[in-house]
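Engineer: next input, structure requested:
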Amino acid sequence: MTTVYHAPSCVMGLNMNQSMSKNGYVRSSMPHLNGTGTGLFGRRAPTHRVQMRRPGPSSIVASAQESDVFDPQVCVVLGTQWGDEGKGKLVDVLAQEYGIVARAQGGANAGHTIYDTEGNKYKLHLIPSGILNPEATCVVGNGVVVHLPGLFDEIKGLEERGVKVEGRLIISDRAHLLFDMHKEIDGLRESELSGTGKQIGTTKRGIGPAYASKATRNGIRVGDLVDMDNFAEKLRKLALDGQKRFEDFEYDVEGEIEKYKEIAQTVAPYVGDTVNLINEWANAGEKILIEGANATLLDMDFGTYPFVTSSNPSIGGVLTGLGIAPTKLGAIIGVAKAYTTRVGAGPYPTELFGDLADTLREVGAEYGTTTGRPRRIGWLDMVALKYASQINGLTHLNITKLDVLSDLDEIKVGVAYRHPDGTLLPSFPSNLDLMERCEVEYEVLPGWKEDISKVRTWEDLPEAAQKYVEYIEDATGVHCKWIGVGPGRDALVEKPRNA
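Structural biologist: Below is the predicted model:
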């Protein structure tokens, strides 16, 4: 298939200055289905390179912070891709300045890997990443689905390593409980789809079925544990649904009821009215950091449905998942890898295959925190990133894992999607069949070919690495304030706004 380059005045909502690079980088086009440049039907698509003119100065959207001083009272950190962007690290860093750190949605399907000041590694699933700040109070909001046995295992693991959790963690009484039956149902649903090509590729942690129970109004909330007779009746009814739906459903509901009698006593000191607390803290001027789980392209409404998670990891889920008003938000930070990854099934326009994908996967240690599954690898997708920025109203960006690209001679960025006939798509499509068949238009940027993992200041980054970050900033119109250059807490470069 041939991609025809006209000079449209608008590419995915970008003007021509924004869609082109600052230093005459060339643009190429190739289908996304494999790493060989082969088209949809096995025919090689020609690659065109067009010299681009230098644009004028970038016009960064005015954010909540007009200077380099960053001190919002209420700050949100969200994923902008398909998850695993490295949100936990930024939350951990920022949490040193925040007294309250909260999770708003998702469940134990979210895996955040963080490091303490001594380089010790921690893998968290339900507990907010701010737990490593001994002065912070961590909140699990009403929008989260909670598997209490798993949560207590996480607490135990942290306590054994010297991280105090008791007295510092509050779980919303409105949060819905996730039971072992939800995990069983999750696995049975995936098994039903096996061989059909329609498997979602879930973590099988029971997240979807737990949210389904919530939506069908037969879910059970943390607050229901105060009345164990009522709890037992509700759990029996909930289990009956699974028994009627699946022939192979195996679940000892009476055994679970007995187990939760003990759990109810253990969890009681952790439970509170977090909706009231969050708003009281906000009104009192307390600093609150909100940690997103999963990411925008996995959002139930805005993601690549049905290959998504079962909650809203975009800004709307923050508001409903904590009961906080949008007027209270001071900054909304989007976290994006310098490339992209995805776990599980679903369309992935800029996906890479072959040796380059394998190399980036190994260099970036791209294996799921929750499942250990190897992640799919792709180039940075600017169409998707602009879409996520628009939905969430981002005020800042954190670009992570820039160091992973250090050995590349050139780096591609997806800048537009085109129909197979060459027609430009005006936006990030909801039609997955179209997304699978579209061609991606790429811009090619030079690599920097040197180790940047020890760099700690913007001025010390290689010029090509700076230009790559500036390219993202120009294209999105959002200040790239933080750049990750390694896994450690200190491996972070701050970019001045007017650099």
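
Engineer: every contact and neighbour count from this point should use C-alpha atoms.
Structural biologist: OK.

Engineer: all strands of the stretch 101-250 of the chain, in order?
Structural biologist: With strands called from DSSP state E, counting those that start in this stretch, the stretch 101-250 of the chain shows them at 112-115, 121-124, 137-140, 145-146, 169-172, 176-177.

Engineer: low-confidence bits of the stretch 101-250 of the chain, can you list those?
Structural biologist: 192-204 (pLDDT under 70).

Engineer: again, 80 this time
Structural biologist: Scanning the stretch 101-250 of the chain for pLDDT under 80 picks out 109-112, 186-205, 242-250.

Engineer: could you dump the strands of the stretch 101-250 of the chain to a markdown table with mean neighbour count and distance to Thr266?
Structural biologist: Below are the strands of the stretch 101-250 of the chain laid out as a markdown table (neighbours: other CA atoms under 10 Å; distance: least, CA to CA, whole Å):
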| stretch | mean neighbour count | distance to Thr266 |
| --- | --- | --- |
| strand 112-115 | 23 | 25 |
| strand 121-124 | 17 | 20 |
| strand 137-140 | 26 | 16 |
| strand 145-146 | 28 | 14 |
| strand 169-172 | 25 | 12 |
| strand 176-177 | 24 | 15 |
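
Engineer: relative to Glu463, which of the ones you listed is closest?
Structural biologist: Between Glu463 and those, the tightest spacing by CA to CA is seen for strand 112-115, at 28.6 Å.

Engineer: returning to that earlier point: Leu492: which of the strands of the stretch 101-250 of the chain is closest?
Structural biologist: Between Leu492 and the strands of the stretch 101-250 of the chain, the shortest separation by CA to CA is 12.7 Å, and it involves strand 112-115.

Engineer: what is the closest one packed up against?
Structural biologist: helix 87-94, strand 121-124 (3 or more CA pairs under 8 Å, 6 or more residues apart in numbering; DSSP states H and E).

Engineer: and Gly292, which of the strands of the stretch 101-250 of the chain is closest to it?
Structural biologist: Among those, strand 112-115 sits nearest to Gly292 (CA to CA), with 10.5 Å.

Engineer: give the pairing partners of that closest one; include direction for each.
Structural biologist: strand 121-124 (antiparallel) (DSSP bridges).

Engineer: what sits up against the partner strand?
Structural biologist: 111-116, 154, 369 (CA atoms under 8 Å, 6 or more residues apart in numbering).

Engineer: show me how far that strand is from its chain's centre.
Structural biologist: Here the centre of strand 121-124 is set off from its chain's centre by 17 Å, with CA atoms, centre = their mean, to the nearest Å.

Engineer: only alpha carbons, please: show it as PDB.
Structural biologist: Only the C-alpha atoms of strand 121-124 are listed here, as PDB (Å, rounded to 0.1, in the frame of the first residue of the first chain):
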ATOM      1  CA  LYS A 121      12.900  -2.900  45.200                       C
ATOM      2  CA  TYR A 122       9.200  -3.100  46.200                       C
ATOM      3  CA  LYS A 123       6.300  -4.400  44.100                       C
ATOM      4  CA  LEU A 124       2.900  -3.000  45.100                       C
END
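
Engineer: returning to that earlier point: Gly378: which of the helices and strands packed on strand 112-115 is closest?
Structural biologist: Counting by CA to CA, Gly378 lies closest to helix 87-94 out of those; the figure is 18.7 Å.

Engineer: packing partners for the closest one?
Structural biologist: In terms of contacts (3+ CA pairs under 8 Å, 6+ apart), helix 87-94 is packed against strand 74-79, strand 112-115, strand 288-291.

Engineer: can we see that at 6 Å?
Structural biologist: strand 112-115 (3 or more CA pairs under 6 Å, 6 or more residues apart in numbering; DSSP states H and E).

Engineer: keeping just the C-alphas, turn the strand it packs on into CSV.
Structural biologist: Extracted as CSV, the C-alpha positions of strand 112-115 are listed here (Å, rounded to 0.1, in the frame of the first residue of the first chain):
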residue,chain,number,x,y,z
HIS,A,112,3.8,-0.7,40.6
THR,A,113,7.5,-1.3,41.1
ILE,A,114,9.3,1.3,43.2
TYR,A,115,12.7,1.7,44.9
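
Engineer: which strands or helices does the helix or strand encompassing Ala336 pack on?
Structural biologist: Counting by DSSP states H and E, the element that carries Ala336 is strand 331-337. Counting contacts by 3+ CA pairs under 6 Å, 6+ apart, strand 331-337 packs against strand 74-79, strand 396-400.

Engineer: what comes up buried for that strand?
Structural biologist: 331-337 (16 or more other CA atoms under 10 Å).
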